[in-house]
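[1] Just the structure for this:
(chains A and B)
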Amino acid sequence: MDDERISLNLQVNGTAYHVDDAWYFETLLSVLRYRLGLTGTKQSCETGSCGACTVLLDGRPINSCVALAADVQGNVTTIEGYSPADGSLTPLQEALVAAGDVQCGYCLPGMVLAGSAFIADHPNATDDEVREGMCGNLCRCTAYGSLITGIREASKR
Amino acid sequence: MRNDLRTDPGAVGIGTSRRRPDAAAKARGEFEFAPDAAEPGMLWGATLRSVHPHARLVRVDLNPAKAMPGVHAVLGGWDVPDNRYGAINRDTPVLADDIVNYVGEPIAIVAADDPEIARRALDAIVVEYEVLDPLIDMMRALEDGHVYRHVDYTHGDPTVVGDVQVEGVYTTPRQDHSYLGLDSGIAKPDGRGGVIITGATQWVHSDRAQVAASLGLPPERVLVINSGVGGSFGGRFVLSWQIHGALLALHTERPVKFLYSREEAFLARYHRHPTRIWVRHHATKDGKIVKIEGKVIHEDGPYSNTNGPGIGNGSSLLQGPYNIPNAHIEGWSVGTNNGMCGSLRGFGVVEPMYASESNLDALARALGMDGAELRRRNAMKEGDTWTFDQVMDSPAPVRELIDASGQGAQPAPLADTASGIGLPGGIATPTRPRDVVRATGTSSVAKNVCLSEGAPVNSTALVTLRDGAAVIECAAAEVGQGFKTIAEQIVQTTLGISRVTITGSDSGMADGSTTDGQLQTMTSGGAVAMAAATVKERFLRFVSREYGHDEKDLDIRDDHVVLKDGTRLMTVSDAGMHLVFQATERFAQRQTWELEGRQPGQPMHVTFNFSATRCTVDVDRELGLVRVVHMNVVQDVGRTVNPAQATGQIAGGVLMGLGLALMEEFPYVDGVPTRRTWDEYLVPTMIDAPPIDVAFLEYPEPRIPYGMRGIAELPHVQGPPAVMAALRAATGLPLPCIPATPEKVADLHPDPLPTGAPTAPSNKRIRENVESARAVPGDPMHDPVSPRKGPWNP
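    Below is the predicted model of the structure:
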């Protein structure tokens, strides 16, 4: 079993982490949540289908549940690193929670990070652009209306 | 229509869109959901599950797993003190003893240092099966007498015959809850022989009773604490990992965490029961419904567990929100080896409402009448009597709802230049605008609110006022639906203060009832309102005594003690002199009785809610691709406590219903589930979600503080018939089986498309498609059923 264990180096939220005794097949999601304690990244589908585990790798959104931790090169930003240190909300986070109902909120960290990358590329986005660009992030509680509104408003320049 | 749906953390009181107290923490990723929790010295639990739908366990050898390094306990069914559990019927094994009855049934559990070691320990357990024939057909189950519950009742004169009769057989699929928050939690020893269970649930007190009974512990030795819940939708009513976790924690004397994978959640957990429903409406030529006949079959899995109320709900509400003077309805809950079934948002009512609304679509066509007009003519109103002999003694504005759903904004016409997600099929669709048919349909539905048929429905709340701020303690589960927010709003309005918070929920508190049956707003909300009112009374009596005002002259407004004319005397904080004002109140809904055998005047259901919806769809008939363009939903909510939340619950519920209508299906082939990821089991995405306009009527609910009424299940009931009414109008097909996936909607030899108002139907095509409900080739859900004698084919 020992030959299945490896050491990893990861750059997460600007900090260099060294992880010993990880399984060689561990996902980035698993290392973030269960070895670094960064549980803001949510585990849900484990097949890259729902976007709840979205993190940014050098600013681009990826599904951390299907990224091999040992393969990851670059700077990882999780919701802990994205959120302002003073406990406030970014304009995108504020727009998402102001636009209507947050319900269970399990999708929200992934929605925020995917949304941040989306609005960087889509100033003044239309509803349909949001639908197409964000359809990889599932929400089971809402009908997406408030999420679409929030992301659209946050994209205004 | 409410316009201000923007949430505001500073908004105060009933009627405002007060922001959820946990919204910012959720957006920042700081809110702790059940899968996020950890404990020092924690082990990881895992579950060995049956790979066969029906088999005898010839040998189960745990020893190879026990011998593995890093494995701390391996337990089988013989290790469970009382090896049965169930929220209603205790008939479900905690761990299989000698027979397994579905794929995914737990056989053994392990606790290990690491989740991967736990998984490898499961692989090391030796299980020898003697495979038995599974029972996989609900019709066969009925014939063979595998019936958990049978109901049969008549109303009025069941021999009445209408001028026009329309009948059909309708089927609905097994649906998965698919909440995003995985089933998870931690069980740990309390150091005194008991156990503390922290995880995601709908009802901490029900969980405690079940865990204590299976462990052979007195209930006070089990503490169940609700954690952050990532959605529920009726899916956390039946226990999953909790007894397993408690057993392992007591054996290892360490905290044990369970975290189901998505695949395990599909296999291990229960689903909405599939149904087959036959309905026949009798009507006069001018569209007055004179009788309904129905036979409802629920496929309820290998164990009854919680299933009895489902068939009660379904059989009683088949009539829909219409006044029908005569009826004969029968219902069966039957058992098969196709996985566990149970409650999912709109328990037992989504399916019959879909079937009877579908049959009304067919009746409207047979009569040459607009579907909305047919529904208007038969709309139930207050004072009418349901087919299950209960007087509708609260508001039933069905006609007004239908009329209102027909008003409101219409979607923009389909542009000739539409492409991609503007068309059926989405991003890479081959559909062109000229291939698209657009049509609208109207549907109206009803749902019982609260648990029915004698189930206790009551809740208790404790409200404490100190230094001008109030704290609410109520064990009602917050699963994302927003109870905590509205509880704060109710206390703000009742006490006249702005600073109100609510604590967490655990079984050491008084029972806060279950987050089920859309009951919490009007049950725990009622308890909260009563407790706050009592606190106010005690506080003002104190102020009267201390400050020399007549109690009758005093009130509280905007955090101040005021005279009735509004003159401010002092702040609530100053007036209270640091004393603690506290009250506990219990709110109980009226008693109900079982469907059959009631005396006159004994209600079966506590109360009901109603909605109507106009839905617009675009369909590519050739390819069978469907895009729901717009929905206009109007629901009577009694009193709008929080417009943003109410809108969110209703729109979200309707979208789940859209999913059931068009894509969601969890099929079994030979007793084995074939879909185990969200790439196979599809749920609606942002592209599938249409703009949904939500409007409210507000006819107050009698007997409930502020006239509040539950809202959250009815929208899921509303989704499928609304979507399908529009889809039938667009295609002319009866489409009796949902989900209406493209292969069912595609029509390779279409008749000329219907134009204008729906025309009288035809023809033989309807009959053929009704027949086809009995046998859809290649569809495992609807395996062919030959006409057999029996209750189904009288």
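[2] separation between residue A:119 and residue A:102?
    Counting by CB to CB, to the nearest Å, the separation of residue A:119 from residue A:102 is 19 Å. The way it works is simple: take the backbone N, C-alpha and C, and place the C-beta from them, glycine included.
[3] Residue A:87 now?
    The value you get for residue A:87 to residue A:102, if CB to CB is used, is 17 Å.
[4] So is stretch A:91-111 next to chain B?
    Yes: between stretch A:91-111 and chain B, judged by CB under 8 Å from any CB of the partner chain, the touching residues are A:93, A:96-109.
[5] What are the buried residues along that stretch?
    Taking 16 or more other CB atoms under 10 Å in any protein chain shown as the neighbour-count basis, stretch A:91-111 is seen to contain the buried residues A:92-111.
[6] Look up which helix or strand the residue in the stretch 1-150 of chain B positioned nearest to chain A falls in, please.
    Nearest residue of the stretch 1-150 of chain B to chain A: residue B:29, at 2.5 Å (CB to the nearest CB). Secondary-structure element containing residue B:29, defined by DSSP states H and E: none, the residue being outside all helices and strands.
[7] In terms of helix, strand or coil, where does residue 149 fall?
    Picking chain A for this. helix (DSSP: H, G, I helix; E, B strand; the rest coil).
[8] Not quite, go with chain B.
    Secondary structure, three-state DSSP: residue B:149 is strand.
[9] which residue sits closest to it in space, ignoring its chain neighbours?
    residue B:333 (4.5 Å; CB to CB, 6 or more residues apart in numbering or on different chains).
[10] Quick check: which element contains that neighbour?
    With secondary structure defined by DSSP H and E, residue B:333 is part of strand B:326-334.
[11] With just CA atoms, put that strand into PDB.
    Listed in PDB are the C-alpha atoms of strand B:326-334, where the atom choice follows Å, rounded to 0.1, in the frame of the first residue of the first chain:
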ATOM      1  CA  ASN B 326     -69.700  11.000  -8.100                       C
ATOM      2  CA  ALA B 327     -66.600   8.800  -7.900                       C
ATOM      3  CA  HIS B 328     -65.200   5.300  -7.500                       C
ATOM      4  CA  ILE B 329     -61.500   5.200  -6.700                       C
ATOM      5  CA  GLU B 330     -59.200   2.300  -5.900                       C
ATOM      6  CA  GLY B 331     -55.600   2.400  -5.000                       C
ATOM      7  CA  TRP B 332     -52.800  -0.100  -4.300                       C
ATOM      8  CA  SER B 333     -49.300   0.200  -2.900                       C
ATOM      9  CA  VAL B 334     -47.400  -2.800  -4.100                       C
END
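[12] and it, how far from the chain's centre?
    Between the centre of strand B:326-334 and the centre of its chain there are 22 Å (CA atoms, centre = their mean, to the nearest Å).
[13] Packing partners of it?
    Strand B:326-334 makes packing contacts with helix B:138-143, strand B:147-155, strand B:289-299, helix B:308-316 when contacts are defined by 3 or more CB pairs under 8 Å, 6 or more residues apart in numbering or on different chains; DSSP states H and E.
[14] quick one: which of those is nearest residue A:27?
    With distances scored as CB to CB, the stretch of those nearest to residue A:27 is strand B:289-299 (36.6 Å).
[15] Could you report the neighbour count for residue B:497?
    Other residues near residue B:497 come to 26 when the count uses other CB atoms under 10 Å in any protein chain shown.
[16] Tell me where the model's unsure across chain A.
    Chain A contains residues with pLDDT under 70 at A:1.
[17] ok, which stretches of it are helices?
    For chain A, helices defined by DSSP state H occupy the ranges A:28-30, A:79-82, A:91-98, A:108-121, A:127-133, A:145-154.
[18] Contacts for the third one, please.
    This points to helix A:91-98. Counting by CB atoms under 8 Å, 6 or more residues apart in numbering or on different chains, the neighbours of helix A:91-98 from elsewhere in the structure are A:83, A:89, A:102, A:108, A:111-112, A:115-116, A:119, A:146-147, A:149-151, A:153-154, B:6-8, B:19-20, B:23-24, B:26-28.
[19] With the fourth one instead?
    Contacts made with helix A:108-121 from outside it, assessed by CB under 8 Å, 6+ apart, are listed as A:40-42, A:50-56, A:59-61, A:77-79, A:82, A:90, A:92-93, A:96, A:102, A:125, A:130, A:133-134, A:136-137, A:139, A:147, A:150-151, A:154-155, B:26-29.
[20] which of those are buried?
    Buried members of the contacts of helix A:108-121, scored by 16+ other CB under 10 Å, are A:40-42, A:50-56, A:61, A:77-79, A:82, A:90, A:92-93, A:96, A:102, A:125, A:130, A:133-134, A:136-137, A:139, A:147, A:150-151, A:154-155, B:26-29.
[21] what's near enough to touch the residue lying closest to residue B:150 once chain neighbours are set aside?
    Here the nearest residue to residue B:150 in space, its sequence neighbours aside, is residue B:332; by CB to CB, 6+ apart that works out to 5.2 Å. Counting by CB under 8 Å, 6+ apart, residue B:332 makes contact with B:142, B:147, B:149, B:150, B:296, B:297, B:298, B:311, B:791.
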